[in-house]
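Undergrad: can you look at this prediction? I've put the sequence above it.
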Amino acid sequence: MNVDLQLAAQLHAMVGKAERALRAAERHLEEHDYDFASSKAYYAVFHVLQAALLTKQLTFSKHAGVISGFSEHFLKPGLFPGDFGQKIQRLRKDREMGDYGYALTVEPRDAQEDVQIAAQIFSIIKAYLKPFLPS
């Protein structure tokens, strides 16, 4: 398998995982499980951020590295809307509260917004990735 086919296969798998995370976020939201809805919304975005970075042959081992790498290589050059940075940080904060918080939990309205934000970011980045994916 050549490098282009390997890249396409890897990106396809990453987008598929992001899509599954987004669907899981929507299901958690329907079930009023707001902590996990926000967590899965974040992961849907995290996986497509990693896929976008891979198109530039960039990988990072930590969440902070993925977010800062995406900001440097995609947001600063203006390839995606500038407000993505704030939205991604919001998703990360809510994911951490949802995953690790016991006293504080994600509010229903916040979880709803998180899922909407994730769907928007996922859709826009998936459109960017389309030329790299298998047809």
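TA: Done, it's in. Residues are numbered from 1 along each chain as shown.

Undergrad: pull the distance from the longest helix along the chain to the chain's centre.
TA: Determined from DSSP state H, the single longest helix within the chain is helix 3-30. Using Cα atoms, centre = their mean, to the nearest Å, the distance from the centre of helix 3-30 to the centre of the chain it belongs to is 9 Å.

Undergrad: what helices and strands are in contact with it?
TA: helix 34-54, helix 108-129 (3 or more Cβ pairs under 8 Å, 6 or more residues apart in numbering; DSSP states H and E). C-beta coordinates here come from the backbone N, C-alpha and C atoms, glycine included.

Undergrad: how about it: buried residues?
TA: 7-8, 11, 14-15, 17-18, 21-22, 24-26, 28-29 (16 or more other Cβ atoms under 10 Å).

Undergrad: what average pLDDT does it get?
TA: Mean per-residue pLDDT for helix 3-30: 95.

Undergrad: pick out the residue nearest the middle of the protein.
TA: Geometric centre of the chain, nearest residue: Val45, 0.6 Å, by Cα atoms, centre = their mean.

Undergrad: right, and it touches Ile124 too?
TA: No - using Cβ atoms under 8 Å, Val45 is not in contact with Ile124; the gap is 10.5 Å.
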